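> what follows is a predicted protein model with its sequence.
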Amino acid sequence: MMNSEEYDNLKRNLRKYDAAGFDKRGLHKNGTPYDDEGYDVSGYNYGGFNRQGFNRSRIHENGTAYDKAGYDALGFDMKGYNAKGYDTNGYNKAGYDEQGYNQTGFSLSGMHKNGTLYNDDGYDCEGYDQQGYDKQQLDREGFNQDGYNILGYNREGYNELGFNKKGKHENGTKYDDTGFTVKGYNREGYNRQGFNKQGFNINGMHKNGTLYNDNGYDMSGYNAAGFNKKGYDRDGYNEAGYDKQGINKHGLTREGYDRNGFNKQGIHKNGTSFDDGGFAYDGYNQLGYNRQGYDRGGYDVNGYNEAGYNRAGYTKKGYDIQGFDRYGFDKQGYDKEGYDKEGYTIFGFNREGFDRQGYDEHGEFRPFMDVFMQKQQLQIQQNDFYTVEWKHVLWQLAEIERQYANYQYDHLVALLQQTVDDFVVELLKKHHLTQGFACKDLQYDALYNNDLLAPTHYELLKAMGSLEVYNEMTYSAIRKMIVLTLAK
C-alpha cells in the first residue's frame, strides 16, 4: 500500500505537461510556477522579465525600450529593422523582401514576381504600360496622348486655346487670333456672347434680358430709382439730398453750415468768426494762410507754392520747372544746348567742335588753328606752322579767354607767361636759333636781332616779367603778336 508522498508523485506523473513542462494550471512539473531556469508558463521570471530581458510593458531590464544590441521587445531597432535588416512588413531599407521583391511586386531588375516586366494590371516597375502611359494616361514627361499635361498645357507651354500660364497667346499677345484673352474677353472687355464681366453688353442690356442685373442694378451700378448700393445717386447724394459728409447740393448741412462749419453769415458753429483751427469763412487764418499753408498768392511761409517753386520759379534745390538752375545748368551740369560750365558736351567737345586739347572728332588739330586765326581775320601762311606745338600755343590763348570769361582769374598771369615762353621757344626753333640762352632776355634779343620781332613786340616780351595782375590789354597785345607771326 502507497503512502501519501508516493500517491502525490503518482498523481503528478499522471498529470499532462506541455513541451516546456507546464500543466494547464501553469505549474511546472517541478511543482512550482517556474521552470528550472526560473521562468513561468508565459516566459517571465520572478522579476517580470522574459528570457530576452523585457517585461510585459516591453521595457528592458536596463530601463530602456532596447536591449544591449539595440533591439526592442519585438526584435526591431530604433529605425524599425530586425537583425536581418527587415521591417515589420518584411522589407529592407532598399524596399525589398527576402525574395527580392518590393511592395509593388517588382525586383531590382524590374522583373515582376509573375515572371514578366508588367504587373497583373499591365504596368511596369515605374508605373507605365506597354504604350508608355501611367494610370492617369500620362507619359514619362507628364503628357497625355493629345500632348497635354495634367494642367492642360502642351510641351511648348500652351493650352488647347493657345494660351500659356501667364495668359499670353502663342501669337505673342494676350489676345488670341479672334481677339479674346484667356478668360474670354476682348479689348473692350466683352466676351464672345457680347457681355462684360458684370454681365452687361455694350448697350447696357444684361444677359438676363433687362437693363438691370439680378440684384437690380444697371451697368453703372444704379437701380431703377437712380441710387447705388450705398444709397447715393450719380451726383453723390442720397434720397434726402445729402452726400456722404452730410452736405447738400448747396454745400450746406441740415443745420445750415458748409463743409468747414461756417454759415452764410461767416459765423462758425462754435459761435466765432474762426473755426477751431483758426481759419475764417474764406479759408485763411489771421496770418493770411489757408489750411494747406499757402497765402492768397499761393505761397507758403518759406515762399514756395504747392508745386514747390518760389516766386522766381525755382525749387528749394535751385532748379526751375525745366530742371535748370539760375545760371542755366541742369543737375548734371549742362545747359539747354548740352554744354557744361566750361562749354563742353558730355562727349567733351565745345560749340566749335573741339575737345579740351584742340582736336576735332577726327583727331585733327589744323581745323582748330584755322578757326582761331579766322576769328582774328587772319590766316596761317606757312604749312610748317601746322604743328602740335604751335597748336598748343594757340590753344593756351583760347584757354585764357575761356577762363577769363568764366571769372577764373587765379592762374591767368602764369598761363599767359607760359604761352609767351612756348611761343618764343617755337619761334627760335623755327628759325634754327638753337644755341643755349642763359635767360629769357637773351632769347628775346636773339629774335629781335634777327628781325623776328618788331620793336613793340620786343618791348612787350621784356615787360612780361614784371606783370603781376592780368589785364585784357596785355593779353590782346600778346595774342596779336602771336597771330601776326603765324600770318607772315
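Nice, I can see it.
> for the stretch 1-150 of the chain, which spans come out with low pLDDT?
Segments of the stretch 1-150 of the chain classed as low confidence (criterion: pLDDT under 70) are 1-2, 4, 6-15.
> which parts of it are helices?
Counting by DSSP state H, counting those that start in this stretch, the segments of the stretch 1-150 of the chain that form helices are 4-14.
> what's the closest non-adjacent residue to N45?
Nearest non-adjacent residue to N45, counting by Cβ to Cβ, 6 or more residues apart in numbering: G38, 4.8 Å away. For glycine as for every other residue, the C-beta is placed from the backbone atoms N, C-alpha and C.
> one more: K269?
Leaving aside its sequence neighbours, K269 sits nearest to G261 (Cβ to Cβ, 6+ apart; 4.8 Å).
> wait, the one you found touches H268, no?
Yes: using Cβ atoms under 8 Å, G261 is in contact with H268, at 5.2 Å.
> and for those two, which residues touch both?
Taking Cβ atoms under 8 Å, 6 or more residues apart in numbering as the criterion, G261 and H268 both touch D275.
> list the contacts of C125.
C125 sits next to 104, 106, 110, 112, 117 when contact means Cβ under 8 Å, 6+ apart.
> please tell me how far G271 sits from N285.
Spatial separation of G271 from N285 under the definition Cβ to Cβ, to the nearest Å is 18 Å.
> more crowded one of these two?
Neighbours per residue (other Cβ atoms under 10 Å) separate G271 from N285, with N285 holding more: 15 against 6.
> shouldn't the more buried one be in contact with F274?
Yes: look at N285 against F274 with Cβ under 8 Å: they come within range, at 7.4 Å.
> ok, back up a step: now restrict the contacts of C125 to buried residues only.
Buried residues within the contacts of C125, counting neighbours by 16 or more other Cβ atoms under 10 Å: 106, 112.
> and the contacts of C125, which is closest to L428?
Checking those against L428 with Cβ to Cβ, the nearest one is G110 at 99.8 Å.
> what is the burial count for the residue nearest to N45?
As a burial measure, the neighbour count of G38 was computed by other Cβ under 10 Å and equals 12.
> how near is the residue most central in space within the chain to N186?
In the chain, the C-alpha closest to the average C-alpha coordinate belongs to K166, at a distance of 19.7 Å (Cα atoms, centre = their mean). From K166 across to N186, the span is 19 Å (Cβ to Cβ).
> what do you get for A487?
Taken as Cβ to Cβ, the spacing of A487 relative to N186 amounts to 77 Å.
> tell me which residues in stretch 467-478 are buried?
Burial within stretch 467-478, assessed by neighbour count using 16+ other Cβ under 10 Å, is assigned to 470, 474-475, 477-478.
> same deal with stretch 284-300?
Of the residues in stretch 284-300, those buried (16+ other Cβ under 10 Å) are 284, 289-290, 294, 299-300.
> just name the closest of the residues you listed to A240, please.
Sorting the buried residues of stretch 284-300 by distance to A240 puts N290 at the head of the list, at 30.8 Å, by Cβ to Cβ.
> what's the nearest residue to the closest one if we skip its chain neighbours?
Nearest in space to N290, with sequence neighbours left out and distances taken as Cβ to Cβ, 6+ apart, is G283 at 4.7 Å.
> closest to T315 out of the contacts of C125?
Taking Cβ to Cβ as the measure, T315 sits nearest to T104 out of the contacts of C125, at 76.1 Å.
> who's in contact with the closest one?
Listed by Cβ under 8 Å, 6+ apart, the contact partners of T104 are 119, 125.
> distance of it from T178?
48 Å.
> equivalent analysis for G162, please.
10 Å.
> who has more neighbours, the two?
Neighbours were counted for G162 and for T178 using other Cβ under 10 Å; G162 has more, 15 against 7.
> hmm, the more buried one is touching H169, no?
Yes: using Cβ under 8 Å, G162 makes contact with H169 at a distance of 5.2 Å.
> so what's in contact with those two at the same time?
Common neighbours of G162 and H169 (Cβ under 8 Å, 6+ apart) are 176-177.
> any idea how far A438 lies from N450?
Where N450 is concerned, A438 sits at a distance of 18 Å (Cβ to Cβ).
> my bad, E342
Relative to N450, E342 is positioned 39 Å away (Cβ to Cβ).
> how about G204?
With distances taken as Cβ to Cβ, G204 is found 102 Å from N450.
> now M111
Taken as Cβ to Cβ, the span from M111 to N450 is 113 Å.
> confirm L447 sits in a strand?
No: counting by DSSP: H, G, I helix; E, B strand; the rest coil, L447 is located in no strand; its state is helix.
> shift numbering so it begins at 53
All set: I'll call the first residue 53, so the last point we hit is now L499.
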